[in-house]
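In: give me the fold of what follows.
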Amino acid sequence: MINVDLGSVVVYGKIPMVFLGRPFKIHFFTYKVDADESTEECFASVILELGFFSYGNSVEESQQNMRSELKEFSQNLKSKAHFINAIENLSLEHLWDIYRKLNFLNGDPEHEYYFKLKQENSELKESNNEKDEQIFSLKIDIDKLNRQLNSNESVPLS
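Out: Next comes the predicted model:
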């Protein structure tokens, strides 16, 4: 059994993928590997659905290796049966348990992403509305000034 505890996880999340034309979200987490004094720092990323592990000397390197493994797997995937065979009987329940705990304690990464995106979108819309109001106000003022300047009659500015 892989020795991973909740406190060693540094990143967790989901990766949207398409396998054989079907959208699929791959769950993963990256954790710091316990090393003895002579070994340099090492990180591992695990793809929970597939049981793939990738390693690196940094979080980024470990995750890059994980993405490379996923890409290679998806390119070599021949059939739905091949995919089902790859995910059967992996016995990674203890790792899924860690992922569920992280999800409960910190929130769903996907939900957090969309929540932030929705907030940013709302702020941008509000900012655009304020700019539109300013531009619209300026147009009205300029039109009134033009009418006043181009005619002999008096046009109130307000």
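
In: how near is residue 3 to residue 98?
Out: From residue 3 across to residue 98, the span is 12 Å (C-beta to C-beta, to the nearest Å). The way it works is simple: take the backbone N, C-alpha and C, and place the C-beta from them, glycine included.

In: again but with residue 20, I slipped
Out: 29 Å.

In: show me the longest helix that occurs in this structure.
Out: The longest helix of the chain (DSSP state H) is helix 109-150.

In: can you name every helix or strand that that one contacts?
Out: strand 9-19 (3 or more C-beta pairs under 8 Å, 6 or more residues apart in numbering; DSSP states H and E).

In: dump the helix or strand just after the strand it packs on to CSV, restricted to CA.
Out: Using DSSP states H and E, the next helix or strand after strand 9-19 towards the C-terminus is strand 22-32. Below are the C-alpha coordinates for strand 22-32, written out as CSV (Å, rounded to 0.1, in the frame of the first residue of the first chain):
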residue,chain,number,x,y,z
ARG,A,22,-16.7,11.1,-24.2
PRO,A,23,-16.0,13.9,-21.7
PHE,A,24,-14.5,12.7,-18.5
LYS,A,25,-13.1,14.3,-15.4
ILE,A,26,-9.9,12.8,-14.0
HIS,A,27,-9.4,13.2,-10.3
PHE,A,28,-5.8,13.6,-9.1
PHE,A,29,-3.7,14.8,-6.2
THR,A,30,0.0,15.6,-5.8
TYR,A,31,1.8,14.8,-2.6
LYS,A,32,5.2,15.1,-1.1
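
In: strand 22-32 - what's its average pLDDT?
Out: Averaged across strand 22-32, the pLDDT comes to 92.

In: got the angle for that strand vs helix 109-150?
Out: 110 degrees (axes from the mean of the first three to the mean of the last three C-alpha atoms, to 10 degrees).

In: counting by contacts, list what strand 22-32 packs against.
Out: Other elements packing on strand 22-32 under the criterion 3+ C-beta pairs under 8 Å, 6+ apart are strand 9-19, strand 43-47, helix 59-76, helix 93-106.

In: CSV please, covering these and showing mean pLDDT.
Out: Converted to CSV, those look like this (pLDDT from 0 to 100):
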stretch, mean pLDDT
strand 9-19, 91
strand 43-47, 95
helix 59-76, 94
helix 93-106, 91
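
In: deepest of those, which one?
Out: strand 43-47 (a mean of 22; mean count of other C-beta atoms under 10 Å).

In: what does the helix or strand following it rub up against?
Out: Counting by DSSP H and E, the element after strand 43-47 in chain order, helix or strand, is strand 52-56. Residues outside strand 52-56 that contact it (C-beta atoms under 8 Å, 6 or more residues apart in numbering) are 2, 33, 42-47, 62-66, 68-70, 73.
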